[in-house]
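Participant: Quick check, what structure comes out for this input:
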Amino acid sequence: MARIPYADPTRPETAALAERIVAERGEILHLYAMLLHSPPVAEGWLTFLTAIRQRCDLPGDIRELVIVQVAHLNGARYEAEQHVPIALREGVTQAQLDALPDWQGSEAFAPRERAVLAYCDAMTQTIHVEPAIFAALREHFEPRAIVELTATIGAYNMVSRFLEAIGIDSADDKSAGETGAAR
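Facilitator: Now for the predicted structure:
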């Protein structure tokens, strides 16, 4: 349950941005309902994450594989709930999703995916990436893809940390003031 109430998207200072969020995302998800407390943060977030998810050349299966892995590593259930269906649409298999907790011992992943997951794990868990992990990644990706992959992993680490710190849950009532937060 969220620790503070969700923002009212109909406030005059957020109404236009809320309309943009609906236009780009289809609805105001819990994450954006919380971000709307700060219009500058919500707008920057929307622009950045839209670039990551919709404007980059990184293959969708790779993008969603690392997003779900970040969610798994950080215990971000909401993030996983949002992205597992997208991952499946993008070509990640259910067997791969099921194998993520122990991907190193699984045969569900090709060498390219293994390089990506090792990179994701290093960025998320230790921050510093060992030269051998980066070298394996270079065998499969050109510089632009590496930059986009790195930005995706970093962005979704930011997302999961925000979600978990504030306690955003898909079961929450997004109506302003309707949370378990102290009033």
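Participant: how far is stretch 96-111 from where the chain is centred?
Facilitator: From the chain centre to the centre of stretch 96-111 is a distance of 19 Å (Cα atoms, centre = their mean, to the nearest Å).
Participant: Stretch 108-121 now?
Facilitator: Relative to its chain's centre, stretch 108-121 lies at 17 Å (Cα atoms, centre = their mean).
Participant: now stretch 41-49
Facilitator: Taking Cα atoms, centre = their mean, the mean C-alpha location of stretch 41-49 is offset from the chain mean by 13 Å.
Participant: can you list the residues that contact it?
Facilitator: 14, 17, 20-21, 24-25, 32, 35-36, 155, 159 (Cβ atoms under 8 Å, 6 or more residues apart in numbering). In short, each C-beta sits where N, CA and C put it, glycine included.
Participant: Apply 10 Å and report the result again.
Facilitator: 7, 9, 14, 16-18, 20-21, 24-25, 28, 31-36, 38, 55, 151-152, 155-156, 158-159, 162 (Cβ atoms under 10 Å, 6 or more residues apart in numbering).
Participant: Which other helices and strands does the lowest-mean-pLDDT helix or strand in the chain contact?
Facilitator: Ranked by mean pLDDT, DSSP states H and E, the weakest helix or strand in the chain is helix 15-25, scoring a mean of 93. Packing contacts for helix 15-25, counted by 3 or more Cβ pairs under 10 Å, 6 or more residues apart in numbering; DSSP states H and E, involve helix 30-35, helix 39-50.
Participant: Can you say which of the ones you listed is packed in most?
Facilitator: helix 30-35 (a mean of 24; mean count of other Cβ atoms under 10 Å).
Participant: and that helix, what's its mean pLDDT?
Facilitator: Mean pLDDT, helix 30-35: 96.
Participant: which other helices and strands contact that helix?
Facilitator: Using 3+ Cβ pairs under 10 Å, 6+ apart, helix 30-35 is in contact with helix 15-25, helix 39-50, helix 77-89, helix 143-166.
Participant: Quickly note the distance from the residue nearest to Thr93 when sequence neighbours are not counted to Asp102.
Facilitator: Spatial nearest neighbour of Thr93, excluding adjacent residues (Cβ to Cβ, 6 or more residues apart in numbering): Ala108 at 7.0 Å. Per Cβ to Cβ, to the nearest Å, Ala108 is found 10 Å from Asp102.
Participant: rewinding a little: could you dump the helices and strands packed on helix 15-25 to CSV with distance to Val92?
Facilitator: Shown next, in CSV, are the helices and strands packed on helix 15-25 (distance: least, Cβ to Cβ, whole Å):
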stretch, distance to Val92
helix 30-35, 21
helix 39-50, 19
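Participant: what's the nearest residue to the spatially most central residue of the chain if we skip its chain neighbours?
Facilitator: The residue lying closest to the centre of the chain (Cα atoms, centre = their mean) is Tyr156, at 3.6 Å. For Tyr156, ignoring the flanking residues on the chain, the nearest one in space by Cβ to Cβ, 6+ apart is Val70 at 4.4 Å.
Participant: I appreciate the help and will end here.
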